Structures are given as C-alpha cells and as structure tokens.
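Novice: starting from these lines, generate the structure:
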Amino acid sequence: MNNKIIISGTLMIAVTYGLARFAFGLLLPNISSDLKLGSGTMGMISSATYIAYCLAIAISTYYSNQKDPKLFVSLAGLTSILGIFIISVSHEAVLLFLGVFIAGMSTGFGSPAYGEVVQNNLNKSTQNKANTWINAGTGFGIVISGPIAYILSDNWRIVYLMFGIIAIIVLLINYLYIPKHTSAIKKIKTQTQPYSLKPLLQKSMSINIASLILGCASAIYWTFSKDYIATVPSNSDFITSSFWILVGVSGIIGGFSGGLISKFSIKTLYIIVVLMMATSILSLNIDNANLFIIFLSALFFGSSYVFLTGILMIWGIKIFEKAPSLGIGVPFFTLAFGQIIGAMVSGNVIQISSYELAFAVFGFFSLISIIFIPKV
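Specialist: Residues are numbered from 1 along each chain as shown. Prediction:
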C-alpha cells in the first residue's frame, strides 16, 4: 500500500503542479502571441493560479483533518481537469484567467490532503521521505510537459487537451489507490486543545516570512524565465523546451530532500538551496544566450525550488506535529501569496523596464530569506 500511495500522490502532484499550474509558464510565449496579450496582462493572469492556490489551500488545510482527505485529493484532480480544458478553449483574457484560476486551485486542494494521507497510512519512519517524494512530483510533471510542448509548440490548445486526458487517468488511479480514512473526524475531536491563533502565529512567524520571500522571488522564474530566454533569436524552440525539461529533471532531485534532512542540518541545507535559487535567477542576466549558463540556471532552479518546498514541508510538520495538513498548508499558503505578488510585480517591471532589471531585483531579493533560517 505504501508504494501505491506514494506513486498515486506523486502522479497527482505532477498533474496539478507540473501540468495544470507551472506548464503555463512553458506555454506562455505561444499563448500570449496567439491571444495578443502583453507581459503585464500575462503577469496578472499568471497571478490567478497563486490566488486560487491560496484560497484552495486555506480550505483544504482547515478541513482535510476533519473530513476524509481523499475528498480533497479528488477535488484536486477534478479542478485540474476542468481548469486545463477551459484554458484549451480560451480565446480571450477573461476566460484564460478563469481556466488558470481553476487549474491553480488543484494544487491547493492536493498538498495538505496528502500530508494527512501519509500520516494516516504510513509508518512514522517513512513519512518524511514519502512527503518529499510526493512533493517532487512537480519535477515529473515538468518533465512530461516539456517534450509534449516542444513537439506541439505551435498548437498549445492540443497540448492542454493532452494534459487534460493525462489528468483524467491520474484522477482514476488516485480514486482506486488512495484509501479512505473515516477516523479523521474522530481524531480532531479527541484533541483536547486545538490550535489558537496567537501561538500559531508565533510558532510559524519565521517560516511564513521565509515562504513569502521565496514565493515572491520564484514567481518570476516560473512565469517569465522561458520567455526571457526566448527573446534571444538564436535560442530555438528545442533549446527553450530543453531548458524547461531540465528544470523538471533537476526538480526530481528534490525528492531526496527527506533523506538528506535526516542526515544533515536542516539549517545548512536551507542556506545552500536559497543560494542556489538566487544564483539560478541572477545567472540568466550574465548571458541568456549562453547554453551552459542557461542549462546551469535550470539545474539550480529546479533542484533548489523542489528542495526548498520539501524543507518548508518538513519544517512546518515539525512545528505542527499533531496536524500535518496545517504544517504543510501554512508555509505553502504564504509561499503562494508571495507568488501572487511576484507574478504581478515582475510582469509589470518587465513591461515598464526590462527582463534584466526584473531578474536582478528578484534574484537579490530571494537572499533576504537566509535571515529566517529554520529553528527546529
């Protein structure tokens, strides 16, 4: 059962994050060109996925340890399917915004629910590794989306239709293999003293500020990195798609974060991966036509982002040991809130000034998060 849960969860995260959410950045140049939308408008539309994520993760975090978490796993699959299909038929900004918004909700419904599924069904000794491998599904999703987008680069609607079919299959797999957990409501009722607002804020202050900064900084990369590289005429579709695939492949490395955190200091690992993320963002300004720099940036960003979300997940669960959905939901909510700000601001900075200035500002901004190292 353990492997079925991990595989099912990894596939769903691959669909919700890799296909429904982050693939929008991969296809953004084609979509914006086809619909004749500027970078400012696309930045606003991109922020829809983060707004939706905040809404969905707040709902999921609050209810997933009171209701059967399989309900939220199913909601994650359904919203990813609906959002993907709406995007595929969009012909103007409003409908595209709606599709991106609904697709973005899928990620918020899934993450906290899997925290509960893992806690309810797996041994404590394997929970960290299971959570981080499920979280690494983002990388697998990007690896899937990259080749499809490259082969059908001029047909982004067909790409999204294919994503929708994959999402349907993954939802069926999760429906079959994720067990129901009817004792969730009883468990929450037996807690003698639920979390109150003040202690929650005090315990999670550092992780929330760190998540907010990292979310804001990472948004420019997810939304505009491929677009930035595509501004160089010599960078073909093959190069830009290979860049995106490498982001995904390196993201899979983040699946090892659970094992590494058990062997090394979480504080040391946190500082290292923050420096890697900052380097990945800033390096594109060195020479976005140099293949070595482009691919090194992709390698650093994919691995550091998934590794950081794995650290935030374990850090949050250690803070809220009795409620893993809360431990995942709180930092992931603030991460997404930061990405709302980052997507909107970066799009407008690019439109008003340049890619160079925007990537420099957001790269250096990410370094501030080092101040708020994990205290567990």
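Novice: so what's the residue count around residue 229?
Specialist: Burial of residue 229 is recorded as 21 neighbouring residues (other Cβ atoms under 10 Å). Backbone N, C-alpha and C define where each C-beta goes, glycine included.
Novice: now it: phi and psi?
Specialist: Backbone torsions for residue 229, taken as degrees, to the nearest 10, come to phi -60, psi -40.
Novice: ok, residue 171 next?
Specialist: Backbone torsions of residue 171, given as degrees, to the nearest 10, read phi -60, psi -40.
Novice: nearest spatial neighbour of it, skipping sequence neighbours?
Specialist: Once flanking residues are discounted, residue 171 sits nearest to residue 77: 3.2 Å by Cβ to Cβ, 6 or more residues apart in numbering.
Novice: one more: residue 87?
Specialist: Distances taken as Cβ to Cβ, 6+ apart put residue 99 closest to residue 87, at 3.7 Å, once the chain neighbours are dropped.
Novice: so which strand or helix has the one you found?
Specialist: Remark: residue 99 resides in helix 93-121, with elements defined by DSSP states H and E.
Novice: tell me the mean pLDDT over the helix or strand just after that helix?
Specialist: Toward the C-terminus, helix 93-121 is succeeded by helix 124-135 as the next helix or strand (DSSP H and E). Averaged over helix 124-135, pLDDT sits at 82.
Novice: give me the distance from helix 124-135 to the chain's centre.
Specialist: Here helix 124-135 is found 17 Å from its chain centre; the criterion is Cα atoms, centre = their mean, to the nearest Å.
Novice: then it to CSV, C-alphas only?
Specialist: C-alpha atoms of helix 124-135 as CSV (Å, rounded to 0.1, in the frame of the first residue of the first chain):
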residue,chain,number,x,y,z
LYS,A,124,6.4,7.5,11.0
SER,A,125,9.9,6.5,10.0
THR,A,126,8.9,6.7,6.3
GLN,A,127,6.7,9.8,6.4
ASN,A,128,9.4,12.4,5.6
LYS,A,129,10.6,10.5,2.6
ALA,A,130,7.1,9.9,1.4
ASN,A,131,6.1,13.5,1.7
THR,A,132,9.2,14.8,-0.1
TRP,A,133,8.8,12.3,-3.0
ILE,A,134,5.2,13.2,-3.4
ASN,A,135,6.2,16.8,-3.4
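Novice: can you list contacts of the helix or strand just after it?
Specialist: With elements assigned by DSSP H and E, the helix or strand that comes after helix 124-135 is helix 137-151. With contact meaning Cβ atoms under 8 Å, 6 or more residues apart in numbering, helix 137-151 is reached by 9-19, 22-23, 26-27, 156, 159, 162-163, 166, 237-238, 241-242, 244-245, 247-255, 302, 305-306, 309.
Novice: list the ones among those residues that fall in helices.
Specialist: In this view, those that belong to helices under DSSP state H are 9-13, 23, 26-27, 156, 159, 162-163, 166, 237-238, 241-242, 244-245, 247-252, 302, 305-306, 309.
Novice: which of those residues are buried?
Specialist: 9-13, 23, 26-27, 156, 159, 162-163, 166, 241-242, 244-245, 247-252, 302, 305-306, 309 (16 or more other Cβ atoms under 10 Å).
Novice: right, and the residue nearest to residue 87 touches residue 83 too?
Specialist: Yes - if you go by Cβ atoms under 8 Å, residue 99 and residue 83 touch, sitting 5.2 Å apart.
Novice: so if I had to pick from these two, which one is more boxed in?
Specialist: residue 83 (30 against 25).
Novice: quick check: closest non-adjacent residue to the more buried one.
Specialist: Using Cβ to Cβ, 6+ apart, the closest residue to residue 83 is residue 103 (2.7 Å).
Novice: how deep is that neighbour tucked in, by neighbour count?
Specialist: Residue 103: 32 neighbours (other Cβ under 10 Å).
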